[in-house]
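Asks: With the sequence up front, the predicted model follows.
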Number of protein chains: 2
Amino acid sequence: MPSFKSSEDYLPELAEFVAIPSVSRESNPPDMRAAAQWLADQVSFAGGHLEETNGNPVVAGEWLGAPGAPTVLVYGHYDVQPTGALDEWRTPPFELTVADGKAYGRGATDDKGPILVVLKTAHAFMEQFGGLPLNVKFLFEGEEEIGSPNLPGFLRENAGRFAADLVISADGAQWRPTEPSVSIASKGLLALGIRVTGASRDLHSGRYGGTVQNPVHVLAQLLAGLHSPDGRVAVPGFYDGVAGLTGAERAEIAAIAWDDDAYAAELGVPGLFGEPGHSTLERLFMRPTLEVNGIAGGGPYTVIPHVASAHVTCRLAPGQQPAAVLAAIKAHLDSVPAPGVTVEVTAEKGGATAYQIDPRHPAVAAARDALAAVYPGQDVIHARIGGTLPATVLFEEVLDAKTLFFSFSIADEFLHAPNEFLRVRRLGEGMRAWSLLWRQLAQQPPGAMAASAAATAGAAR
Amino acid sequence: MPSFKSSEDYLPELAEFVAIPSVSRESNPPDMRAAAQWLADQVSFAGGHLEETNGNPVVAGEWLGAPGAPTVLVYGHYDVQPTGALDEWRTPPFELTVADGKAYGRGATDDKGPILVVLKTAHAFMEQFGGLPLNVKFLFEGEEEIGSPNLPGFLRENAGRFAADLVISADGAQWRPTEPSVSIASKGLLALGIRVTGASRDLHSGRYGGTVQNPVHVLAQLLAGLHSPDGRVAVPGFYDGVAGLTGAERAEIAAIAWDDDAYAAELGVPGLFGEPGHSTLERLFMRPTLEVNGIAGGGPYTVIPHVASAHVTCRLAPGQQPAAVLAAIKAHLDSVPAPGVTVEVTAEKGGATAYQIDPRHPAVAAARDALAAVYPGQDVIHARIGGTLPATVLFEEVLDAKTLFFSFSIADEFLHAPNEFLRVRRLGEGMRAWSLLWRQLAQQPPGAMAASAAATAGAAR
């Protein structure tokens, strides 16, 4: 029996997991079930099993052998994003391939690798001590990449069984590779579609030109009206409820090492851009955005297209409600005259409010300590996730439990893109950090960590 | 030997021609050559043969057995548009299918049917009289549907051989099925692309939101600035050189039977729209337009797309030069600040000025007479083609010859679309009209019809 495992020793199991193409957007039930079953087997020490939902099954389990200690719920997801264009992958997406300390494959870092870190941590505790230092429940879903449509219903129906003092999410990448970070917030999300329809078919731009409105022209007017030229969102009411940054927040963000020029160069843009009055990091961490993600209509032909459409998402800050923001956008779009066409605005499912955890919450402190121990000499910073993790809001509402992000993914590892990878060393580093985290959380008095606990509720805003 | 042929008798030959998938945009050389050869065989009475160009061959021929009579050059094209989505065709596109008096197939009306009408007219003259009433040259190209890239060079090199008093185009559909029409103008064309580029890749809208400009936002601003909300083109200088309508023109157009509501209903739009101060028909016939034909960028995902693009075409009125309009559009787009992105504006090849022939030109008069004889009791109206026929401008410049549009296609026959068709009866009607037209043109003194002839040059504007 080998005495001392290293990160590399976990790669064969990660390769098995990655090899199962559990792409929820393409929803091949046998693949989804195979990935869930593989995961349930890893949770067998805690009674791991599949539970049915209205979509892909959930993998659940619990080890409750630490009476008096707090209970944490470990959350993650076994589904992955579609591969996208295969010819952009340098290695086969479902064949874990290691090169230069990176393990490439779809799901390697989002979220199969980070899940494996937790489970291997648990296995190590079980092997060494015959038990875990605190009570742990597991909940791995198979629909995170499609907006978790069935998680709310499942969790509400089973709230009692998944009750916990704290949720620890193995999802929610650390911010960047230069230092460890604890994410203390994530933005909310609102997605909507705009569809402008003119004639019943595309029209020849010569034979019909000058007689009808062009849906693309109207769409361009609508979209151009969503922002001021300076980058602010121009929708009246959009910023309602969004608090300005406090001096302390500005100071904390200003203390983070950051180089606008290097960032622009890395992205390949001629310059950065955004809402005036805020630094780049302030905008990224704290400010809501409205992005037109896609536009489509007609083509490079001499037509007046009969339909033009756009997909829009907003990343919401604390204080913004998706329904109110949607109503504000709809009202703003409705205020633009659009003679000769029909404009439809449709909200997509899956709106979510922003999430935040007080930096003074004991779980955040424990996470900082664990990271500081694993990465000696490096500052542990508070980061904010510009993306959206709707499950966090759900856990707070249904379980009265805050969520600690404790993933060993890093946001630069091509999540959702071709050539997704996980830094191999993060497997071992993650296990050491989870071990320390669990040990420290085990010292917390039960109840002290709950979302509604006075100590933290007062400080949050 | 049958004594009296009807339209239906020509369908087998049209079916042979349609069966050759001479799609120039897909450019399968054997198919293109087969269509050209089929056509050359039809022109064998006039020495029909293929001539090489830098692209698809031209079919040429001439019958010059009418000394003292004028010479006309018959123009048409044997190439066709791509089929588009096959599942939108109710019948196989390259299998001529007759139903309810309509012959369905790609190219049936654009331009294979109308070409066959001319050739069958010539065959009938040859059979009955052993010759044609005037001198006829033939020039059928195989690249009209891709903008005739090689016709200018070919024609300039062979200007002497194709010299004629008048060009008669078998291309350029009649306006609508309710009455016969002679088209006395076509609009010019300018096509350009706009491409806005941001980062070197699509960026996650959460992980990067708020830090960079979104190319779609800039594109929307650029496109929205191209028109005033009332429908006028907002590009300074766009209308330079465009004459207002004369009282006579307005009166002639106002006299044409027209129903805005019925037109809107047929197109399926909630209302008509266009430049203020002009009726629908005035806009369609006389006014220049700027249409965004297509937009593309990103998709229904949570990304900040790294590129967004648009395709724009202008239909130009007499007096507008494509290069000047392009420069005006570029200057207008350049005036919009676009920090954080790169904007490229690229003119496409194939710009063309508008074309017009004086309604008092003897060829127009002859065409009116021929149509009046074939369609007794119906008014023959002057129409204008909103589309572009660059060959007309070329013929005027290189051959000093005006072009008479004399096609038996009708603009409602799904040209360029699925289920393209030709009304079967138009084959016979067209032959009678071409016979009358040729007989009447044969009476013209040579030289009287030239573009530069004083009688017409003075009246044109």
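Replies: Everything's here; your move. Numbers count the residues shown, from 1 in each chain, chains lettered A, B, ... in the order given.

Asks: quick one: the helices in chain A?
Replies: Ranges of helices in chain A, per DSSP state H, are A:11-18, A:29-42, A:113-129, A:151-157, A:215-224, A:247-254, A:260-267, A:280-286, A:322-334, A:362-374, A:390-399, A:425-441, A:454-457.

Asks: Out of those, flag the one nearest residue A:298.
Replies: Across those, residue A:298 has its closest neighbour in helix A:215-224 (6.3 Å, Cβ to Cβ). Quick note: C-beta positions are derived from backbone N, CA and C, even for glycine.

Asks: Packing partners of that closest one?
Replies: Helix A:215-224 is packed against strand A:188-197, strand A:289-298, strand A:307-316, helix B:215-224, strand B:289-298, with contacts defined by 3 or more Cβ pairs under 8 Å, 6 or more residues apart in numbering or on different chains; DSSP states H and E.

Asks: need these in CSV with mean neighbour count, distance to residue A:232 and mean pLDDT, can you?
Replies: Putting the helices and strands packed on helix A:215-224 into CSV (neighbours: other Cβ atoms under 10 Å in any protein chain shown; distance: least, Cβ to Cβ, whole Å; pLDDT from 0 to 100) gives the following:
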stretch, mean neighbour count, distance to residue A:232, mean pLDDT
strand A:188-197, 22, 17, 96
strand A:289-298, 25, 10, 97
strand A:307-316, 25, 13, 97
helix B:215-224, 26, 12, 98
strand B:289-298, 25, 21, 97
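
Asks: got the residues of the stretch 301-450 of chain A near chain B?
Replies: Applying Cβ under 8 Å from any Cβ of the partner chain, we find that the stretch 301-450 of chain A lies next to chain B at A:301-306, A:308, A:310-311, A:313, A:315, A:337, A:339-342, A:385-388, A:411, A:415-417.

Asks: Nearest to residue B:168 among the helices and strands packed on helix A:215-224 would be which one?
Replies: Short answer: strand B:289-298, nearest of the helices and strands packed on helix A:215-224 by Cβ to Cβ, at 27.9 Å.

Asks: Tell me the strands beside that closest one, with direction?
Replies: Applying DSSP bridges to the sheet, strand B:289-298 is found paired with strand A:289-298 (antiparallel), strand B:307-316 (antiparallel).

Asks: Can you redo those strands as CSV, where the extra columns are distance to residue B:439?
Replies: As requested, these are exported to CSV (distance: least, Cβ to Cβ, whole Å):
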stretch, distance to residue B:439
strand A:289-298, 45
strand B:307-316, 35
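
Asks: so which of these gets nearest residue A:72?
Replies: strand A:289-298 (32.3 Å).

Asks: tell me how far that closest one is from the chain's mean position?
Replies: 21 Å (Cα atoms, centre = their mean, to the nearest Å).

Asks: Which secondary structure element of chain A has the lowest mean pLDDT?
Replies: When each helix and strand of chain A is scored by mean pLDDT, DSSP states H and E, helix A:454-457 comes last, with a mean of 43.

Asks: In ChimeraX, select just the buried ones from the residues of the stretch 301-450 of chain A next to chain B.
Replies: Selection of buried members from these for ChimeraX, criterion 16 or more other Cβ atoms under 10 Å in any protein chain shown:
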select /A:301,302,303,304,305,306,308,310,311,313,315,340,341,385,386,387,388,411,415,416,417
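
Asks: Just the ones of the residues of the stretch 301-450 of chain A next to chain B in strands?
Replies: Those of those mapping onto strands are A:303-304, A:308, A:310-311, A:313, A:315, A:342, A:385, per DSSP state E.

Asks: Those residues into TSV, with extra columns for distance to residue A:213?
Replies: Below are these laid out as TSV (distance: Cβ to Cβ, whole Å):
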residue	distance to residue A:213
A:303	14
A:304	9
A:308	11
A:310	17
A:311	22
A:313	27
A:315	32
A:342	10
A:385	41
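
Asks: what's the closest of those residues to residue A:217?
Replies: Nearest to residue A:217 among these, with distances taken as Cβ to Cβ, is residue A:308, at 8.5 Å.

Asks: what residues go with each domain of chain A?
Replies: Domain assignment for chain A, taken from automatic domain parsing, gives A:7-186+A:354-457, A:195-347.

Asks: Which pLDDT does the model give the closest residue to residue A:32 other than its chain neighbours?
Replies: Leaving aside its chain neighbours, residue A:32 sits nearest to residue A:56 (4.5 Å; criterion: Cβ to Cβ, 6 or more residues apart in numbering or on different chains). Residue A:56 carries a pLDDT value of 97.

Asks: for residue A:56, what are its contacts?
Replies: A:24, A:27, A:29, A:32-33, A:36, A:79, A:141-143, A:150 (Cβ atoms under 8 Å, 6 or more residues apart in numbering or on different chains).
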